[in-house]
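**Q** 3D, please:
(2 chains)
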2 protein chains.
Amino acid sequence: MRKSLLVSFTLSLALGGFSQNGQSKKLLGFTENSSINQLEAEAKFDSYLKADHVGQLIKEMSARPHHVGSPGGKAVAEFIFNQFKSWGYDVQMETFYVLFPTPKTRLLEMTSPTKYKAGLAEKPLAEDATSGQTKEQLPTYNCWSADGDVTGELVYVNYGLPQDYEYLKRLGIDVKGKIVIAKYGHSWRGIKPKVAQEHGAIGCIIYSDPKDDGYYRGDVYPKGAFKNEYGVQRGSVMDMPIYPGDPLTPGYGSTKDAKRIDRKDATNLLKIPVLPISYHDAEPLLRSLEGPVAPEDWNGALPFTYHIGSGKTTVHLKLEFNWDTKPINDIIAKLPGSEKPDEWVIRGNHHDAWVNGANDPLSGQAAMLEEARAISELVKTGWKPKRTLVYCAWDGEEPGLLGSTEWVEQHADELQQKAVVYINSDGNGRGFFGAEGSHALEPFINQVAKGVTDPETGISILERRRQVDIVAASKNSAMAKELMGKKTIHIGALGSGSDYSPFIQHIGIPSFNLGFGGEDPGGEYHSIYDSYDDYRRFKDPSFVYGVALAKTAGHTSMRLADAELLPFDFKSFYKTVAGYATELIASTEQMRENTAIENKLIQGKFYKNSIDTAEKLLPPTPQQEVPYLNFSSLQNELTDLEKTTNHLSEAIEKAKLDAAKEDELNQSLYKAEQKLLTANGLPRRSWYRHSIYAPGFYTGYGVKTLPGIREAIEQRNWKEAQEQIEIDANILKEFSDYLDGIAKSIQ
Amino acid sequence: MRKSLLVSFTLSLALGGFSQNGQSKKLLGFTENSSINQLEAEAKFDSYLKADHVGQLIKEMSARPHHVGSPGGKAVAEFIFNQFKSWGYDVQMETFYVLFPTPKTRLLEMTSPTKYKAGLAEKPLAEDATSGQTKEQLPTYNCWSADGDVTGELVYVNYGLPQDYEYLKRLGIDVKGKIVIAKYGHSWRGIKPKVAQEHGAIGCIIYSDPKDDGYYRGDVYPKGAFKNEYGVQRGSVMDMPIYPGDPLTPGYGSTKDAKRIDRKDATNLLKIPVLPISYHDAEPLLRSLEGPVAPEDWNGALPFTYHIGSGKTTVHLKLEFNWDTKPINDIIAKLPGSEKPDEWVIRGNHHDAWVNGANDPLSGQAAMLEEARAISELVKTGWKPKRTLVYCAWDGEEPGLLGSTEWVEQHADELQQKAVVYINSDGNGRGFFGAEGSHALEPFINQVAKGVTDPETGISILERRRQVDIVAASKNSAMAKELMGKKTIHIGALGSGSDYSPFIQHIGIPSFNLGFGGEDPGGEYHSIYDSYDDYRRFKDPSFVYGVALAKTAGHTSMRLADAELLPFDFKSFYKTVAGYATELIASTEQMRENTAIENKLIQGKFYKNSIDTAEKLLPPTPQQEVPYLNFSSLQNELTDLEKTTNHLSEAIEKAKLDAAKEDELNQSLYKAEQKLLTANGLPRRSWYRHSIYAPGFYTGYGVKTLPGIREAIEQRNWKEAQEQIEIDANILKEFSDYLDGIAKSIQ
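**A** As a prediction, this is how the structure comes out:
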């Protein structure tokens, strides 16, 4: 589901704790001797991986559209089931029953000043073999749009973010009772109708502007990879930052007989209709708008002056959906652990797509299947994982992480006992290694990445990523020098947008999201053009990055399955969180200063005097001054946490444990992340319980670290911010105490 | 000629020396008593200024095209002559005879892969009364293009700057023997063919992309102010950074009988043909280009993917010109000083235009004429300037500052004796006050600006500009706070682009360039649409900013004409130059660090590993490491200069002088700027002699401060940089000695 896995460049923090010289020495979690065995097993595993298998799997599974509830979807699930079965896995198809709306009526027309009826159809292309399977394709739509039949003045709202409405307010433009048209991009799509609805809009159109996703980026499909004028991005607009999964079964599994809430009570569903359209269909609407000229940073790449409206331009939007319940089929394939069968290393990737989904999700799914096949080959040679390996192929990810969320909710207690880690992947392509995840495993994943060779350059995927980060920072010499001084990379924090979300954010399972990208741009995302033909031209033509993902995720899984001592490094976690806190405190200071200056400028009429009087733009509204918040409890707990994590590391290093004690220690280590869950969840979205990582309420996929505090500050809710500081301080205290308890138990 | 006078926001330096409370107290250069008289005279002067006069003058003078050598041009010159005469000025028409090429043949056609013949014509519009005067209009062309008949592959070179060719080199694209097409913008236009020629191109096309100058900026003419698809920017491509004025008489006046050099020996003339075109004509050419996709920051706003070429797209460019000698008519109107007739306060604005020129130059010319008329009214009441006021209406500014340069060259010796200051204006519009000039007069011009009320806001033009600067800086809280802590503005340094250039840069006369803008954007510049109809809709509809300019320049002229002690403040000059030196030293440090990092990344193959292998982009070429330069002589001289300027200020404050001594002091003060001239001029362009300010060799209009040192460093010519440091240090030493001499002479 997520558009690009490639983590954005983030301020890198010193890692510490990871000073091994990579492959040649000891693996984290292993002795020197067991490291040798492990590396031998991994080398053998690698030798079984075949790029042409990956390509073949993508081709086979993308042969037909296979969205939720479709015959193609069922077929792909069965194909995967049979694959695992043939490889000797203990495999189950676990079915949930979820609400899944599909379009019944889709009508968009401009009724004034001229008539235009939107085509709402992507064009089959001779160059794309599966693009003509129109009967099986889901039409272009936003899943979880409300039913609606609305007519109103049209207003262009840029990307439809809160700050865009602040600008509209300065222009005296209110969207109440009107229909907004927003560009895709700069937030997860579901934020746009949510914010429109908050501002009183009665309908929302989302389109792909050629500046963000079309000819401005590069040649369009089929000449090049970018979105042509008819391409449309489908996608979910469920308010996932409230909760993902079946909207009717919040927090529990949507089994056949589970109790459903009423649809109108589902707090993550919109009340207004939403429709995605192509730039071909958007052009006449936007061209006809009058009213103020859009500011320059609102401009797209269509060849006219963008106006905001509203005025004579009115549109009629009519949408009706079949609100059916559909079965979704998760495939769960287990390879029981030889020593610790009740400790699970879980690996997952979804299998449902919006249409054919060669890239999203099949490129990741194919890599995972190839990984699982190679593991089965390894098993034939006598190797067995010490812990149980669990491969999961999720259904229903696209509409809202349905398959993974329902499974996690259904098995929450068992998972909180057994799950050591969840390792996710999704669409994958040519380029640079990207990793997001639990920071206690950052040194570990660095070591894994150091051991995988990049297919294009021959250097390690770690080193290539490190170099990419340094080049990206090279204009900032201080940051470049800092990065050059380190041999490791800093991994990103997990937001949302793929199936790791229920694992880490709902039940506190340490998680990873892994993949490759950055040399695979294009406009096929969630369109009929996400096809095998597109993939083999533009994404990963020789499928070698599918193999690279299989290696990376495979080594991650195998090492965590076999580690004698699980390689959690809470010093690394501490450093990351301390970095978040420092940055948050500094940005609050900056916010205070900026607000003070801004208010002075507003009150002194500086804005009024600086704005071109022809523009009829009001000055910004003064904002409440930022008070000094008391961060001391958080800071003190972080000071304690630093000591505790140092102490625990030393204790682990010195400990001489028998097998039972070691088991106990391992279990304590992998359950530690659960101690970071808050009892009541985040304000207004109790499903999200992780105190350190959450998707942003107004960004969607984008992560917010220390989300309770950070979002309260961003929303200028000072009382809540102070409460959240105390809540997080308390969680860190309990977390410290817990780690301290572990240290004591092994002394 | 210059597109926008509004000075860009520059790092502001503390002014010092200006702590008066503005109008209510003592004027700089006056006693408390004489200040009262002066302010009374200025108030009376203000009362004579009429906005409708300004509008009427613009309308009258823009009624017909009036470029160099045209009947309309002659008529405007005579009109101005007669105006001054009617107001009682001692007026002369001084004629020079200059080379002025006009088009004979203009042909641009695409010959492959398809045929397209460029229309090369702007469209008359019913909404624009003068746009249909096609017979009298100069066709669209770049003056000083070479004759040429060339056919070659077309290459898109972005803005045609040196760094664009560096990128082409990384793509393996050579323009040798090819024709380049560059966008207008990001440099003065003459830089584009100059750099193209340096790289071996045989022809150059310059077009206005709608992203920079068209629908992307706002509604197009006649609906809005921005450039429509047929609009073309004419303009000079003389290599003015070498020398302006008649190319055949470098450094001396082009009087009727002056010796001319051979045209082929004129070092400021191009060898290749250049033609400006509209985006209507550019579109088919650009659309047909193949080869690499342009990087995102090269994109314009035409609705397709920009490619660089070269390949199948070939164009044929044929240009021939009439290389005629034309008379140009400067109008010089004097009002003799009552006390110091041999001290001249010179005020100027050009009168020639590319076509009708309502904005450029007539909005400034009309304001100057209204100023001169109001002065003549004041004279009727008995007021007389102490020093001589000289009003100059220049001809031939557009092709290359011809009228002003030839006049300055012709009268250089007299001017260096008599000229106290030169005050320039050019196109003027609604908005914010902008000033560039000699920094010893910065406190003075701040005080002038404090005494003029902004017509839209009712606050002073100084305060409005200050607020605009602060709002522009508001995202940078440190800079915003610094600016908020001061009541003054920092004026910009003079580059080139209008008639002040020969005064300040060639013969060291203290100069100003004054005007208003920022609420008058549009695309009429140098097109047939720079008309009265356009001006009164989009530029300064009620002509009140014409009056504001007349007031500002009028007060400036009157105060400098009447000041008992000329208000030069060399402490302010020192602070500005010290700021330039500090910034230059810091940026050299940064360049050293960036080069070191960049070279490490190149040598370590970081770039190679980070570049998408599908893009076939070579890594940058390593650059020579930046050595440590010895800035100490410059720094030591600046330390001395600080002491000297403090000392001089104290000495002036304490001095009790008789009239003769005061005259001597005044003359010493206004001649001081001449001490900043270098004996041999700047390297490779000896016409430019000012050591502190010059137009950039590769920017054109854009100023380079401490140009000898700065450009040597930018060009990585370390030997020359060190030589220039010593030259400038020596000049500052002589300047210090000179000021010291003044201080001693009045003790």
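
**Q** Quick one: name the residues of the stretch 101-250 of chain A near chain B.
**A** For the stretch 101-250 of chain A, the residues in contact with chain B (C-beta under 8 Å from any C-beta of the partner chain) are A:210, A:215, A:216, A:217, A:218, A:219, A:220, A:224, A:226. Yep, even glycine has a C-beta here, placed from its N, CA and C like the rest.

**Q** Recalculate using a threshold of 10 Å.
**A** Within the stretch 101-250 of chain A, the positions near chain B by C-beta under 10 Å from any C-beta of the partner chain are A:210-211, A:214-220, A:223-226, A:229.

**Q** Tell me the most packed of those, by neighbour count.
**A** Of those, residue A:210 is surrounded by the most neighbours, 28 neighbours in total, counting by other C-beta atoms under 10 Å in any protein chain shown.

**Q** OK, contacts around it?
**A** Shown here is residue A:210, whose contacts under the criterion C-beta atoms under 10 Å, 6 or more residues apart in numbering or on different chains are A:216-217, A:220, A:226-229, A:278-280, A:282-283, A:300-303, A:523, B:303-305.

**Q** wait, isn't residue A:111 in contact with residue A:315?
**A** Yes: shown here, residue A:111 and residue A:315 form a contact pair, counting by C-beta atoms under 10 Å, at 6.6 Å.

**Q** roughly how far apart are the nearest residue to residue A:214 once chain neighbours are set aside and residue A:306?
**A** Of all residues not flanking residue A:214 in the chain, residue A:227 sits nearest, at 4.7 Å (C-beta to C-beta, 6 or more residues apart in numbering or on different chains). Using C-beta to C-beta, to the nearest Å, we find residue A:227 at a distance of 19 Å from residue A:306.

**Q** who has more neighbours, those two?
**A** Higher neighbour count among residue A:227 and residue A:306: residue A:227, with 30 against 22, using other C-beta under 10 Å.

**Q** Surely the more buried one is in contact with residue A:220?
**A** Yes: with the criterion set as C-beta under 10 Å, residue A:227 and residue A:220 qualify as a contacting pair; they are 6.3 Å apart.

**Q** list the residues that contact both of these two?
**A** Residues touching both residue A:227 and residue A:220 comprise A:210, A:213, A:214, A:522, A:523, A:529, with contact defined as C-beta under 10 Å, 6+ apart.

**Q** Looking at those, spot the one nearest chain B.
**A** The shortest approach to chain B among these belongs to residue A:210, at 7.2 Å (C-beta to the nearest C-beta).

**Q** Excluding chain neighbours, give the residue nearest to that closest one in space.
**A** Leaving aside its sequence neighbours, residue A:210 is closest to residue A:301 (4.4 Å, by C-beta to C-beta, 6+ apart).

**Q** Hmm, residue A:286 and that neighbour touching each other?
**A** No: in this structure residue A:301 lies outside contact range of residue A:286 using C-beta under 10 Å: 11.4 Å.

**Q** Please identify every residue contacting each of the two.
**A** Both residue A:301 and residue A:286 are contacted by A:209, A:279, under the criterion C-beta under 10 Å, 6+ apart.

**Q** And the closest residue to residue A:307 other than its chain neighbours, how far from residue A:213?
**A** Counting by C-beta to C-beta, 6+ apart, residue A:307 lies nearest to residue A:289, which is 4.2 Å off, once chain neighbours are set aside. The span separating residue A:289 from residue A:213 equals 20 Å under the rule C-beta to C-beta.
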